[in-house]
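Participant: Build me a structure from this.
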Amino acid sequence: MRPWLILVAVLFVALVAVFRDWLPQPGKAGYPGIFLLNLIGSGGFVLPAPAFVAVCLGGSVFGLMPLLVGLVAASAETLGELTGYIAGVSSQGLLERMPMRKRIEPWVARHGWAALFVFSVIPNPLFDVVGIAAGSLRFPLLKFLGVVFAGKVIKDTSFAYLCYAGLEDLVGWFGE
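Facilitator: Numbers count the residues shown, from 1 in each chain. All right, here's what the predicted structure looks like:
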C-alpha cells in the first residue's frame, strides 16, 4: 500500500476545488482551457460535465479546430485518469469493497486492453472505477495510458465534430 499516492490524488482534487474560480474558461483560454477543464474533469472522482461542455463548445462555438480539440481533451483526460489508476495500485484493501469495482474488475482482468478501450470510448462517469480496477490488477502503466488515450481520442474528437456539425446545421436551419 502506498498512502502517499492517495495523498497526491486527494491534494490534486482539493486544489482544484479551492481554486476553481481561477480556472480559465475555454472560450477565453482556447486549447489550454480545454486541457485544464478535461484534466480536472477526469482527475477528480466527479461527473465530467464541464469537460464535455468544453469539448463541445471548443468544437463549435469558440472557433477551435475540432480535431485539435479532441486531441487536447484526450491528452488531458488520459493524464487525469491516472488518479484512479494510482488509487487502484496503492490501496488494495480500501477499494475491494466497492460494488462497481467488483463488477468491472473481471471485465478488465479477462479482456485487458480491449475492455479499457471500450470503456474509454464510451462516455461514462464510471471510468474512474475502470482505472482503479486496472491499477489494482497491475495493468502495465504505459499500455494503460496508450489504450486509454486511443479511446479518448475517438470519443473526444467525435464529440467535437458532432457539436461542430450540429451548430452548423442549427445555424443553417435558422437561415443565417
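Participant: For Gly135, give me its contacts.
Facilitator: Contacts of Gly135 were listed using Cβ atoms under 8 Å, 6 or more residues apart in numbering, and they are 84-90, 144. Using the backbone N, CA and C atoms, a C-beta is placed for each residue, glycine as well.
Participant: Most neighbours out of those, which is it?
Facilitator: With neighbours defined as other Cβ atoms under 10 Å, the most crowded of these is Gly88; it has 26 neighbours.
Participant: so who does that one touch?
Facilitator: 95, 131-137.
Participant: cool, and Gly131?
Facilitator: Taking Cβ under 8 Å, 6+ apart as the definition, contacts of Gly131 comprise 81-85, 87-88, 144, 148.
Participant: so what's it closest to, chain neighbours aside?
Facilitator: Beyond its immediate neighbours in the sequence, the residue positioned closest to Gly131 (Cβ to Cβ, 6 or more residues apart in numbering) is Gly84, lying 2.8 Å away.
Participant: Just confirm the one you found contacts Phe127, I think it does.
Facilitator: Yes: taking contacts as Cβ atoms under 8 Å, Gly84 lies within contact range of Phe127: 7.3 Å.
Participant: what mean pLDDT would you report for the helix ranked longest in the chain?
Facilitator: Residue-count comparison of every helix in the chain, with assignments taken from DSSP state H, identifies helix 141-173 as the longest. Within the predicted structure, the mean pLDDT of helix 141-173 is 82.
Participant: mind showing which ranges of the protein have poor pLDDT?
Facilitator: 1-29, 44-50, 60-63, 91-102, 167-176 (pLDDT under 70).
Participant: Tell me where it has helices.
Facilitator: Going by DSSP H, the chain shows helices at 3-18, 26-43, 49-60, 66-80, 82-90, 92-95, 99-111, 113-121, 127-136, 141-173.
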